[in-house]
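# Predicted model and sequence below, questions to follow.
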Amino acid sequence: MHLTVKILNGEECTLAASPSSLVSDVKEQVQALMSIPVADQKLLFKGKALMDAKPLREYGVEDSCKITLVIKKSVLKSTEASLPTTSPQKIWHSQPESPVWEKMRVFLRRHFRESDIEAVLNAFREEFERNLSSLSLDDIERFAMTKLRVV
């Protein structure tokens, strides 16, 4: 059977596999075709992460199916490492304060000393940014769908 493996950025490849092929075998083919290390690949089919040791048939993968490839952070971080960086505090203080962070500062004033507010706010921002950057497209889509159903 032929499968299409698609990266979220739009790049894709087609490969051959059998229903008894292990997910790890598919990852090895992707590595050969797209030069993405097996350790940095996460394969998804119908929104479900595929386990390396399981055969494709256990997930219902058939001929002409499309599998989504998510590249894990270690590959992306090496790309980002080559870019010039600025500390988060410098970025936040060089840009105008957003209404969200102003409201957060007002809230923190009720619970912390004035001398501690900036430290708590900066720690919260760093955690927020870290969590936001770790969201996958599937996470964002699920979140959006729950909000769309409410309307």
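Received the coordinates, thanks.
# ok, the helix or strand hosting Val5: who's next to it in the sheet?
Taking DSSP states H and E as the definition, Val5 sits inside strand 2-7. Note on strand 2-7: by DSSP bridges, its sheet partners are strand 12-16 (antiparallel), strand 66-71 (parallel).
# Need the winner for burial among those strands.
When you average the neighbours per residue for each of the strands paired with strand 2-7 (mean count of other CB atoms under 10 Å), strand 66-71 leads with a mean of 18. Every C-beta, even on glycine, is put in place using the N, C-alpha and C of the backbone.
# related to what we said a few turns ago, buried ones in the strand holding Val5?
Buried positions in strand 2-7, judged by neighbour count with 16 or more other CB atoms under 10 Å: 3, 5, 7.
# picking that back up, so can I have TSV of the strands paired with strand 2-7 showing mean pLDDT?
Shown next, in TSV, are the strands paired with strand 2-7 (pLDDT from 0 to 100):
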stretch	mean pLDDT
strand 12-16	92
strand 66-71	91
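# How much space separates Val5 from Met34?
Here Val5 is placed at a distance of 8 Å from Met34 (CB to CB, to the nearest Å).
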